[in-house]
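Student: sharing a model prediction with you, sequence too.
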Amino acid sequence: MNVHFIAIGGAAMHNLALALHDKGYKVTGSDDTIHDPSKSRLEAKGLLPEDFGWFPKKITENLDAIVLGMHAKEDNPELIKAQELGLKIYSYPEFLYEQSKYKTRVVIGGSHGKTTITSMILHVMHYHNREVDYMVGAQLEGFDVMVKLTEDNDFIVLEGDEYLSSPIDRRPKFHLYKPNIALLSGIAWDHINVFPTYNGYVEQFSIFVDSIVNGGSITYNIEDEEVKRVVEASENSIRKLPYKTSEYFVENGQTLLETPEGPMPIEVFGKHNLNNLAGAKWICQNMGIDEDDFYEAIATFKGASKRLEKIAENNNSVIYKDFAHSPSKVAATTNAVKEQYQDRTLVACLELHTYSSLNAEFLKEYKGALDAADTAVVFYSPHAVKIKKLEEVTHEQIASAFERDDLIIYTNPDDFKEFLFAQSLDNKALLLMSSGNYGGLDFQEVKTLIE
């Protein structure tokens with residue numbers, strides 16, 4: 001097949017392009033800008049466009065398919081040419097479904113935890129040399145790519161994102177996969193730029209549950225009241241399999257998981273991750289891994305990239321960074337680090353970076369999210385607010401939203417960096433939570449705080 005990617009440089013898009021190239025497809029693509037690691041990875045396979053920009057002449061009747069990325073706009077010149085020629089245009093999830101419609105599709109959905117659960121499942125499969133196709137939203141240890149597609153593998157494991165599919169397909173991605181085996185980890189309002197009401201957001205998960213094929217199954221987190229309500233209200237003819245957080249305890253800074261063979265030390269920690277682990281276990285069992293083999297494999301799982309990732313440690317100090325930005329994720333991550341390091345002072349720094357987090361109306365959802373921190377810091381960039389064309393967010397609104405009198409707020413990257421590097425991290429845990437980089441913070445430099 002000849003496949004052309006419009007906006008090939010995205011994290012998901014370039015991984016799909018690499019997967020198709022490895023499968024033997026002829027792949028071309030365009031984008032107006034491509035940054036590393038996408039740039040160097042595409043270049044290594046000979047897939048990097050010679051020139052950046054949009055070139056309608058690349059769109060010809062010889063193409064079997066167009067894959068359209070979210071970075072492109074509805075008036076993209078290449079898209080318009082493809083429409084004029086009547087070419088088949090797929091969104092990213094539509095194309096993944098086409099590649100997997102004869103496989104058993106395992107789809108992991110939820111507002112939070114889906115990347116970690118997908119990563120846990122893939123780690124267990126890899127540990128036991130079980131070959132599966134997959135798509136996951138983070139780089140994993142032991143895996144070269146984030147998307148793998150073959151003709152032979154029976155299973156495909158897909159991280160089910162609820163964000164929109166493409167500029168011309170406003171359906172959430174996970175509505176298009178039609179799972180045989182599904183998991184729903186949690187529901188907490190997010191992406192308010194496209195789901196402006198809570199009920200409208202929750203409705204997407206009801207549609208997801210109803211999209212599971214007849215005779216399929218949904219493994220769901222019964223501790224999440226909204227998940228429980230959505231799944232149990234569905235009239236779809238599927239098996240409903242609840243799970244809850246695995247039993248565990250923390251001893252001398254080490255989390256131990258209760259198993260039938262006794263307590264087992266594990267690398268990940270925090271109630272949310274032990275909940276994720278319980279969901280992953282049931283999915284792996286549905287895929288033919290028995291309980292003992294799951295425990296053996298999961299003991300070596302260190303976590304997905306950018307998800308509660310330890311970046312530096314010495315005898316009495318530790319630094320973590322995490323992709324957390326939504327209120328539920330921020331609270332879960334902050335609580336997890338405090339529970340793991342109860343005898344240390346926790347300095348938690350949150351960057352408000354997404355459309356949702358920079359929305360004045362949505363800010364109140366952050367109430368209590370940083371309560372577990374001994375020192376709580378919020379950074380946001382007024383420039384980012386302007387770029388996103390949002391109403392200005394004030395110090396007062398942020399302070400009021402978090403309901404914490406001692407909250408430290410920075411809007412200048414240099415001032416935040418000065419605060420950070422003035423800290424003595426002796427007997428402290430530093431947690432940096434953001435989907436951005438605090439206005440240009442060098443995380444390699446941050447490591448030197450405890451070296």
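Tutor: The structure has been received and is ready for your questions. Numbers count the residues shown, from 1 in each chain.
Student: which ones are touching Lys329?
Tutor: 112, 188, 322-323, 433 (C-beta atoms under 8 Å, 6 or more residues apart in numbering). No exception for glycine: its C-beta is placed from N, CA and C like everyone else's.
Student: wait, is it part of a strand?
Tutor: No. Going by DSSP: H, G, I helix; E, B strand; the rest coil, the assignment for Lys329 is helix, not a strand.
Student: distance-wise, check it relative to Phe5.
Tutor: 30 Å (C-beta to C-beta, to the nearest Å).
Student: mind checking the SS state of Val337?
Tutor: Per three-state DSSP, Val337 ends up helix.
Student: I meant Ile156, not that one.
Tutor: The local conformation at Ile156, judged by three-state DSSP, is strand.
Student: so what sits opposite it in the bridge?
Tutor: The partner list for Ile156 in beta bridges (DSSP bridges) reads Arg105, Asp133.
Student: that one touches Tyr102, doesn't it?
Tutor: No. With contacts counted by C-beta atoms under 8 Å, Ile156 stays clear of Tyr102, the gap being 10.0 Å.
Student: looking at those two, which is more packed in?
Tutor: Using other C-beta atoms under 10 Å as the criterion, Ile156 and Tyr102 rank with Ile156 on top: 25 against 8.
Student: and the gap between the more buried one and Val209?
Tutor: Ile156 is 19 Å from Val209, by C-beta to C-beta.
Student: circling back to that earlier point, confidence-wise, which of the contacts of Lys329 comes last?
Tutor: pLDDT across these is lowest for Phe323, at 85.
Student: that one: how many residues sit nearby?
Tutor: Neighbour tally, Phe323, other C-beta under 10 Å: 19.
Student: hang on, it packs against Arg307?
Tutor: Yes. Here Phe323 lies in contact with Arg307, judged by C-beta under 8 Å, at a distance of 5.9 Å.
Student: strands along the stretch 151-300 of the chain, start to end?
Tutor: Remark: strands assigned in the stretch 151-300 of the chain by DSSP state E, counting those that start in this stretch are 155-160, 164-166, 169-172, 181-184, 217-221, 239-243, 248-251, 254-259, 262-265.
Student: so which of the ones you listed is the most packed in?
Tutor: Neighbour counts (mean count of other C-beta atoms under 10 Å) averaged over each of those peak at strand 181-184, with a mean of 28.
Student: paired strands for that strand, with orientation please.
Tutor: Per DSSP bridges, strand 181-184 is paired in its sheet with strand 104-109 (parallel), strand 217-221 (parallel).
Student: state the mean pLDDT of the helix or strand just after the first one.
Tutor: Right, the one you point to is strand 104-109. Moving toward the C-terminus from strand 104-109, the next helix or strand (DSSP states H and E) is helix 114-127. Averaged over helix 114-127, pLDDT sits at 95.
Student: check stretch 37-46 too.
Tutor: Computed over stretch 37-46, the average pLDDT equals 95.
Student: starting at the chain centroid, how far to it?
Tutor: Taking C-alpha atoms, centre = their mean, to the nearest Å, one finds the center of stretch 37-46 at 22 Å from the center of the full chain.
Student: stretch 440-451 too?
Tutor: With C-alpha atoms, centre = their mean, you get 24 Å for stretch 440-451.
Student: could you tell me the end-to-end distance of that stretch?
Tutor: Terminal residues of stretch 440-451 lie 21 Å apart, using C-alpha to C-alpha, to the nearest Å.
Student: give me the buried positions along it.
Tutor: Buried residues in stretch 440-451, counted by 16 or more other C-beta atoms under 10 Å: 441, 446, 449-450.
Student: just the residues contacting stretch 151-158, thanks.
Tutor: 23, 96, 99-100, 103-108, 118, 121-122, 125, 131-136, 149, 177, 179, 287.
Student: quick one: buried ones out of the residues you listed?
Tutor: Counted by 16+ other C-beta under 10 Å, the contacts of stretch 151-158 give 96, 99-100, 103-108, 118, 121-122, 125, 132-136, 149, 177, 179, 287 as buried.
Student: would you map the strands across the stretch 301-450 of the chain?
Tutor: Going by DSSP E, counting those that start in this stretch, the stretch 301-450 of the chain shows strands at 309-313, 317-322, 345-352, 375-380, 408-410, 428-433.
Student: closest to Leu140 out of those?
Tutor: For those, the distance to Leu140 is smallest for strand 309-313, at 12.0 Å, taking C-beta to C-beta.
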